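Novice: Need the 3D shape of this:
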Amino acid sequence: MGKKLVMAQRRGETRALCLGVTMVVCAVISYYILGTAMLPLYQKSVWTQESTCHLIETNIRDQEELEGKKVPLYPCLWVNVSAVGRWAVLYHTEDTRDQNQQCSYIPDSLDNYQMARAKVEKVRARFHEHQVFYCFSTPQENETSVLYRRLYGPQALLFSLFWPTFLLTGGLLIIAMVKINQSLSILAAQK
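Specialist: This next block holds a predicted model:
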């Protein structure tokens, strides 16, 4: 009976050690992926200065002129603000600015034109309700654009590091508990 109990205990310890080591390895892999994917984006982000923006005007753009012809595209919002003592164009995120510099806000789903237009009008109404809000600008003097929300800010970095840290801590705790249990059982067997 005692031998079966010891064998079962060893199997359980082995499984717990494997779980702890797997958790630590997954955390290390996650840290590596975050270090190569998220950290460079955070370091390249120049939108570090938090400012107060005052709304100047909003405009919904439905079409664009190409070669003298008006071509219907998707509805988007154009927002002009006053920030850091100068006129600027407000962009929703860094990606919005890269996607289309003529649009401050582009709806997520562009499949249904009417729904996209309604969403743009809703965002426009929100800007008119709250005409003073926080935005992010660059310390550069000649920059004429600001961001409403940073994608690659410190909060996003901390949020993305939470689960790998949780995995690493949990895995190390499991390994430590198994090793303490093994050393205590060896001490008990010696007495």
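Novice: And the helices in this structure, which stretches?
Specialist: Listed in chain order, the helices of the chain (DSSP state H) span 2-44, 94-99, 113-129, 154-190.
Novice: In CSV, list the ones you listed along with mean pLDDT, distance to residue 145 and mean neighbour count.
Specialist: Heads up, the C-betas are built off the backbone N, CA and C, glycines and all. Listed next are the helices of the chain as CSV, based on pLDDT from 0 to 100; distance: least, Cβ to Cβ, whole Å; neighbours: other Cβ atoms under 10 Å:
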stretch, mean pLDDT, distance to residue 145, mean neighbour count
helix 2-44, 83, 16, 13
helix 94-99, 82, 6, 15
helix 113-129, 88, 16, 14
helix 154-190, 89, 20, 13
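Novice: Distance to residue 51 for the ones you listed - can I get that in a markdown table?
Specialist: As requested, the helices of the chain are exported to a markdown table (distance: least, Cβ to Cβ, whole Å):
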| stretch | distance to residue 51 |
| --- | --- |
| helix 2-44 | 20 |
| helix 94-99 | 16 |
| helix 113-129 | 16 |
| helix 154-190 | 17 |
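Novice: Find the residue at the geometric middle of the chain.
Specialist: What sits nearest the mean C-alpha location of the chain, by Cα atoms, centre = their mean, is residue 156, with 4.1 Å.
Novice: mind checking how far it is from residue 55?
Specialist: Computed as Cβ to Cβ, to the nearest Å, the residue 156 to residue 55 distance reads 26 Å.
Novice: can you list contacts of stretch 164-184?
Specialist: Identification of contacts with stretch 164-184 by Cβ atoms under 8 Å, 6 or more residues apart in numbering yields 13, 16-17, 19-24, 26-28, 30-31, 34.
Novice: Go through the helices of the chain and name the closest to residue 142.
Specialist: Of all those, it is helix 94-99 that lies closest to residue 142, at 15.6 Å by Cβ to Cβ.
Novice: Can I get the closest one in CSV, CA atoms only?
Specialist: Only the C-alpha atoms of helix 94-99 are listed here, as CSV (Å, rounded to 0.1, in the frame of the first residue of the first chain):
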residue,chain,number,x,y,z
GLU,A,94,-1.6,55.6,-35.6
ASP,A,95,-3.1,53.0,-38.1
THR,A,96,-5.8,55.5,-39.2
ARG,A,97,-3.1,58.0,-40.2
ASP,A,98,-1.2,55.3,-42.1
GLN,A,99,-4.4,54.0,-43.8
